[in-house]
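> return a 3D structure for these sequence lines:
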Amino acid sequence: MKECLLTVAENTAIARDVYRMTLRGDVSGVTRPGQFVNLKLDGFFLRRPISVFDREGDTLKLIYKAVGQGTGAMTGLREGDSLSVLTGLGNGYRLEPAGDAPLLLGGGVGVPPLYWLARQLRAQGKRVTAVLGFNTGADMFGEVDFQALGCETVVTTADGSYGRKGFVTDALPEAYSYFYTCGPEPMLRAVFARTVTEGQFSFEERMGCGFGACMGCSRKTVTGYKRICREGPVLEKGEILWEA
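Numbers count the residues shown, from 1 in each chain. Here you go, the predicted structure:
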């Protein structure tokens, strides 16, 4: 974990209530796709955890959805504003088990952490399939970004207003070597039930501190409780226990 003062270079709406923020500064603490950062906002006691969309050089890109007062306040940040950011939080995805044809499954704001992962997998010559799920076409983002990497990209919407009607589990390819996923828990449960290989799940949890001190985001696994902010947010399929 590293605390840095980063400068806002961009903060732009890219879909309904969804924004892309570019930050510049010392982002060397972010080393793996699937990690997240914690932003300190004026007027709010708790920091806001946001997944990393991409990181290159001194540039960090985040994609977030304005759903509450904190993320709503983030939409008002402008170019040149400074933010205190805790970087390099969470364990991130492991690329080693990917195989030749990994599958990426993202739902809503679970899509962003899969982009940097896809970029690294493509750099290794992997044949990547990305299935991106949204409620409606107005919520959709990321399709062009994944296509530009050379990923076979499928978009699903629950109401059928864009792409294929249905959920990400309705668009699973016939064959894939391994999978990575991130999204709301109902989606993750469905992915767990429908996938036929091993894989890695990134969980979205409400967090207090974001670095393991408060134990507020603990989740029971086959090897005991793990803190989503510290030992997660990524868990292996074989260690997940679903609460009834």
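
> what's opposite residue 178 in the beta bridge?
As for beta bridges, residue 178 partners with residue 102 under DSSP bridges.

> from residue 115, how far out is it?
Per C-beta to C-beta, to the nearest Å, residue 178 is found 18 Å from residue 115. Glycine gets a C-beta too; all of them are placed from N, C-alpha and C.

> residue 188 now?
Separation of residue 188 from residue 115 (C-beta to C-beta): 18 Å.

> quick one: contacts for residue 18?
63, 64, 65, 66, 109, 139, 141 (C-beta atoms under 8 Å, 6 or more residues apart in numbering).

> any chance of a markdown table for those residues, columns distance to residue 235, secondary structure and neighbour count?
A markdown table is the format used below for these (distance: C-beta to C-beta, whole Å; DSSP: H, G, I helix; E, B strand; the rest coil; neighbours: other C-beta atoms under 10 Å):
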| residue | distance to residue 235 | secondary structure | neighbour count |
| --- | --- | --- | --- |
| 63 | 22 | strand | 23 |
| 64 | 22 | strand | 23 |
| 65 | 23 | strand | 17 |
| 66 | 28 | coil | 17 |
| 109 | 18 | helix | 23 |
| 139 | 26 | helix | 20 |
| 141 | 25 | coil | 22 |
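
> pLDDT weak spots in the protein?
Where the chain drops to pLDDT under 70, the residues are 205-216, 244.

> same thing but 50
Residues of the chain that meet the criterion pLDDT under 50 are absent altogether.

> what's the domain layout of it?
Structural domains assigned to the chain are 2-89, 96-204, following automatic domain parsing.

> just to revisit the earlier point, neighbour-wise, which of residue 178 and residue 115 wins?
residue 115 (24 against 21; other C-beta atoms under 10 Å).

> tell me which residues in the longest helix seen in the chain are buried?
In the chain, assigned by DSSP state H, the helix with the most residues is helix 112-123. Within helix 112-123, the residues that qualify as buried are 112, 113, 114, 115, 116, 117, 118, 119, 120, 121, counting by 16 or more other C-beta atoms under 10 Å.

> kindly export that helix (C-alpha atoms) in PDB.
Output of helix 112-123 as PDB, limited to C-alpha atoms (Å, rounded to 0.1, in the frame of the first residue of the first chain):
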ATOM      1  CA  PRO A 112     -13.200  -2.200 -15.600                       C
ATOM      2  CA  PRO A 113     -10.700  -4.500 -13.700                       C
ATOM      3  CA  LEU A 114     -10.800  -6.900 -16.600                       C
ATOM      4  CA  TYR A 115      -9.400  -4.500 -19.200                       C
ATOM      5  CA  TRP A 116      -5.900  -4.300 -17.900                       C
ATOM      6  CA  LEU A 117      -6.000  -8.000 -17.400                       C
ATOM      7  CA  ALA A 118      -7.100  -8.500 -21.000                       C
ATOM      8  CA  ARG A 119      -4.300  -6.200 -22.200                       C
ATOM      9  CA  GLN A 120      -1.700  -8.200 -20.400                       C
ATOM     10  CA  LEU A 121      -3.100 -11.500 -21.600                       C
ATOM     11  CA  ARG A 122      -3.100 -10.300 -25.200                       C
ATOM     12  CA  ALA A 123       0.500  -9.200 -24.800                       C
END
